[in-house]
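Student: Here's a sequence, model it:
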Amino acid sequence: MGNPSPISFERPIDQPADDGEKLKGTDPSLDHLTHAPQQQQQQHLNGEKLDILHIQSDNAQPHQPSGIAKRWHHHHQATVSLLRRTDRDTAETAEESDETTTTEKGGVPKIISQWLPKTRHLVSKTPEWKRLQKHVEHIDSTHLRDLLQDKIRCDEMIAEHDGVYLDFSRQRATLETMDLLMDLAEKQDLKGKIDAMVNGEKINFTEERAVLHTALRTGREKIGTVFVDGEDAVAEVYEVLDQIKAFTDGVRSGDIRGYTGKRLRNIISVGIGGSYLGPEFLHECLKTEPEGINSALGYSLRFLSNVDPVDVERACADLDPEETLIVIVSKTFTTAETMLNARTMRQWLWDFMGNDKEVVRKHVVGCASISSIEKVADFGIDTENYFFRFWDWVGGRYSVCSAAGAVPISLLYGFDLFEKFLLGARSIDEHFITAPFNKNIPVLLGLLGVWNMSFLGYNTRTTLPYAEALLKLPAHIQQLDMESNGKCMTKYNVEVDYPVGEVDFGEPGTNGQHSFFQLLHMGQTVPCDFIGFVQSQHDLCLDNESLSSHDELMSNFFAQPDALAVGKTIDEVRAEGTKEELIPHKTFKGNRPSSSLLLPKLTAYATGQLLAIYEHRTAVQGFIWDINSFDQWGVELGKKLAIDIKAHLCEARKAQHEDEDSTVDAGSPATSRILNYYISNSENSVCYDEPGNGLTSVTRKTHIEHHPPADNSLKGKDGKI
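Tutor: Take a look at the predicted model:
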């Protein structure tokens, strides 16, 4: 007997099987039956319907089925029935499947579900998505100039919560659009996904982690309600917050002092990415907030993020190391840029105060995950008193409310002001979890983001805060959105066939108006988020001026969205007496979407609200798109290649030092050429021609000259303990 051929598919699943039909070419033994899922999957990809099984054999001849074959026939019919039902159910509930288990939620064995067309798992294949695609045709026939005259529509397109006022009437959307987006949210089980996140389920499926930045600011009364791997997440949060309060109060009161007995008045926070952008955004908001000004008197906070040595010089300039506390923020305590800067700061302290290990124990704080505590201790940090943990369920870009932000901000402004920031974020968290979607500010912004990106085709978005204190918000949102939703694969391991992940940028108004608003008004269409405040942190009213400075600013806040939406017609330009040849150059097409957020005043509380609004907007878009907004594998390849390049540089520098050929082969002609150009033109690097550590000697120029003692037991000059 020859080897049996694979099972093949002949009859469409919606064609009923003939009860009297015989199995074609059935081999009575059926010992070596094999399936051909690849063949079947290709048929699905070609748009064919699922076929039922029949069996072929190389030497098969028609005959009456044996007892075994009859049993196979019954099994076969049951499988056909199951596949029929599965084909129907999967089309309706594909997004509910969980491919990490051996059995699908609908009860379908994974081996069978793998044969089903994977495109069924794409949200773009759902009726709700297709209705929105069809609806674009109607929207393309409208203009915001006309939509804004519809009072009923405009009155419906607002949402308010706890002083936050959202007006999205200048989006290219109608009330029908919003209804269709709500249908899509229901189809994607948005409510269930939000609940899963805040309840500690491991929705970060590529890293098998929970996503619980909301637990960082929830109320103490929630202790005992959220658990991760059997641990009470909220109880752990408050344990760390209490430690941070005690420590930062001790530093600010003078009870905790530096190595030489001086008070610690300067803070340098060393971190990169989310460990830097979020805390700096918060710092800039509080720096000009009245309570923040008073709280920070006598203290300073600087951030060191870039591995560029110039950033070290700027961070350390004019500071007295004896009065400086270094806060190192790195979840793993292995981030290359952060740890190089951390070693540089440690060297800076040693160079001024000597190489006693107590210098590090008195002047360096570590913020990292509990799994990194050994690395923190190896660095020389006092892990009993100067170490503050955060958790694997807190992503870097979502970590502002963790020790990453709490320690440096509380050292400068006091823990009480940081706590007000947490309260503001908590207010939006509760709104996000409980408010109906048609009045839910983060949900509305997220759904409109999906609408603009995936349906209207706008692949950029800008954040325009009309408050100078929010100058670092666009950079934070840039990381928050682009690192979160810059993905191409869904949770079903299927590549998206719809646009996801906007390019985000921004600048405070009115600076942005004199920078890139020309493009916003006349170039490509970029949806805008305008952020304004009813009251300024500091208003000015000059003599002989009809308006305050804040009113002047807010005039632009209200005018720009209308200018983008309404535009200026050819007839309007001509009516102004414009020369005919200039009319096309002065015509504004308008119909450019925007949303406006208006808050009472930029305080610590309002800053927390803004942070949470944009965190949740990002999550909503990821939930709708079926992508993982909480991993960041895209940053890993560059890191790996940088390690390889560093190895080449080490070889080249060693060769230069020994007067040997320093040419390197980096694996490609292009990379080798530019790398060798750099090597040959940087032979006189300070690190290799100057005695001692050139990096720390640069900062010494701005301080009182001090030479470390001769006893160098910790080998500070080598940067090692």
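Student: Give me the buried positions along stretch 670-681.
Tutor: Buried positions in stretch 670-681, judged by neighbour count with 16 or more other Cβ atoms under 10 Å: 671, 675-676, 679. (C-beta placed from N, C-alpha, C; glycine too.)
Student: all helices of the stretch 601-721 of the chain, in order?
Tutor: 604-625, 636-657, 669-680, 686-689, 694-700 (DSSP state H, counting those that start in this stretch).
Student: lowest-confidence stretch among the ones you listed?
Tutor: With a mean of 47, helix 694-700 has the lowest mean pLDDT of the helices of the stretch 601-721 of the chain.
Student: where does this protein have low pLDDT?
Tutor: 1-120, 684-721 (pLDDT under 70).
Student: JSON lines please, covering the helices of the stretch 601-721 of the chain and showing distance to residue 435.
Tutor: Listed next are the helices of the stretch 601-721 of the chain as JSON lines, based on distance: least, Cβ to Cβ, whole Å:
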{"stretch": "helix 604-625", "distance to residue 435": "11"}
{"stretch": "helix 636-657", "distance to residue 435": "37"}
{"stretch": "helix 669-680", "distance to residue 435": "52"}
{"stretch": "helix 686-689", "distance to residue 435": "56"}
{"stretch": "helix 694-700", "distance to residue 435": "51"}
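Student: Please work out which of these is packed deepest.
Tutor: The highest average neighbour count among the helices of the stretch 601-721 of the chain, using mean count of other Cβ atoms under 10 Å, belongs to helix 604-625 at a mean of 26.
Student: picking that back up, ok, which of the helices of the stretch 601-721 of the chain comes nearest residue 514?
Tutor: helix 604-625 (24.1 Å; Cβ to Cβ).
Student: next one: stretch 364-382 to chain centre, how far?
Tutor: Stretch 364-382 sits 25 Å away from the centroid of its parent chain (Cα atoms, centre = their mean, to the nearest Å).
Student: Same check on stretch 327-335?
Tutor: On the basis of Cα atoms, centre = their mean, stretch 327-335 is displaced by 18 Å from the centre of the chain it belongs to.
Student: do the same with stretch 508-523
Tutor: The chain centroid and the centroid of stretch 508-523 are separated by 25 Å under Cα atoms, centre = their mean.
Student: measure that stretch end to end?
Tutor: With Cα to Cα, to the nearest Å applied, stretch 508-523 spans 20 Å between its terminal residues.
Student: who does residue 595 bridge with?
Tutor: Beta bridges link residue 595 to residue 529, judged by DSSP bridges.
Student: doesn't residue 170 make contact with it?
Tutor: Yes: counting by Cβ atoms under 8 Å, residue 595 does reach residue 170; the two are 7.0 Å apart.
Student: three-state assignment of residue 235?
Tutor: Put simply, residue 235 is helix when judged by DSSP: H, G, I helix; E, B strand; the rest coil.
Student: buried ones in the strand or helix carrying residue 302?
Tutor: In this structure, residue 302 sits in strand 300-304 according to DSSP states H and E. For strand 300-304, a neighbour-count test (16+ other Cβ under 10 Å) marks 301-304 as buried.
Student: who's in contact with that strand?
Tutor: 265-271, 276, 279-280, 283, 311-312, 314-315, 319, 341, 345, 408-409, 411-412 (Cβ atoms under 8 Å, 6 or more residues apart in numbering).
Student: which residues does residue 389 bridge with?
Tutor: Beta-bridge partners, per DSSP bridges, of residue 389: residue 368.
Student: list the contacts for it?
Tutor: 240, 367-370, 373, 403.
Student: could you flag which of these are buried?
Tutor: Listed as buried from those are 240, 367-369, 373, 403; burial here means 16+ other Cβ under 10 Å.
Student: about what we covered before: out of the buried residues of stretch 670-681, which one sits closest to residue 144?
Tutor: residue 671 (48.6 Å).
Student: and which of the contacts of residue 389 is nearest residue 393?
Tutor: residue 369 (9.8 Å).
Student: For that closest one, list the residues it contacts.
Tutor: By Cβ under 8 Å, 6+ apart, residue 369 lies in contact with 331-332, 389-392.
Student: Pretty sure residue 600 sits in a strand.
Tutor: Yes: under three-state DSSP, residue 600 falls within a strand.
Student: neighbours around the closest residue to it other than its chain neighbours, how many?
Tutor: If you skip the residues right next to it in sequence, residue 600 has residue 163 as its closest partner in space, 4.7 Å away by Cβ to Cβ, 6 or more residues apart in numbering. Burial of residue 163 is recorded as 15 neighbouring residues (other Cβ atoms under 10 Å).
Student: Am I right that residue 163 is in contact with residue 599?
Tutor: Yes: between residue 163 and residue 599 there is a contact under Cβ under 8 Å: 6.0 Å.
Student: can you give me the helices for the stretch 451-600 of the chain?
Tutor: Along the stretch 451-600 of the chain, counting by DSSP H, counting those that start in this stretch, helices occupy 473-485, 517-522, 549-566, 570-575.
Student: Which strands or helices does the longest one pack on?
Tutor: Okay, so that is helix 549-566. When contacts are defined as 3 or more Cβ pairs under 8 Å, 6 or more residues apart in numbering; DSSP states H and E, helix 549-566 packs onto helix 144-147, helix 517-522, strand 528-535, strand 594-601.
Student: helix or strand for residue 165, which one?
Tutor: With DSSP H and E as criterion, residue 165 is part of strand 164-167.
Student: Give me the sheet partners of that strand and which way each runs.
Tutor: With DSSP bridges as the test, strand 164-167 is paired with strand 158-161 (antiparallel), strand 594-601 (antiparallel).
Student: chain center to that strand: distance?
Tutor: 23 Å.
Student: where's the following helix or strand past it relative to the chain centroid, distance-wise?
Tutor: Next helix or strand after strand 164-167 toward the C-terminus (DSSP H and E): helix 175-187. Offset of helix 175-187 from its chain centre (Cα atoms, centre = their mean): 25 Å.
Student: before we move on, the earlier item: comparing the strands paired with strand 164-167, which comes out most buried?
Tutor: strand 594-601 (a mean of 20).
Student: after the helix or strand residue 350 falls within comes which helix or strand?
Tutor: Per DSSP H and E: residue 350 is located in helix 336-353. Moving toward the C-terminus from helix 336-353, the next helix or strand (DSSP H and E) is helix 357-363.
Student: I'd say residue 447 and residue 620 touch.
Tutor: Yes: here residue 447 lies in contact with residue 620, judged by Cβ under 8 Å, at a distance of 6.7 Å.
Student: related to what we said a few turns ago, CA atoms only: put the strand holding residue 302 into PDB for me.
Tutor: The C-alpha coordinates for strand 300-304 follow below in PDB (Å, rounded to 0.1, in the frame of the first residue of the first chain):
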ATOM      1  CA  SER A 300      16.900  72.700  42.100                       C
ATOM      2  CA  LEU A 301      16.100  69.800  39.900                       C
ATOM      3  CA  ARG A 302      17.900  68.900  36.600                       C
ATOM      4  CA  PHE A 303      17.600  65.900  34.300                       C
ATOM      5  CA  LEU A 304      20.400  64.000  32.700                       C
END
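Student: tell me the contacts of residue 616?
Tutor: Neighbours of residue 616 in contact, by Cβ under 8 Å, 6+ apart: 428-429, 432, 442-443, 446.
Student: Greatest separation within the residues you listed: which pair is it?
Tutor: With Cβ to Cβ as the measure, no two of the contacts of residue 616 lie farther apart than 429 and 446, at 14.6 Å.
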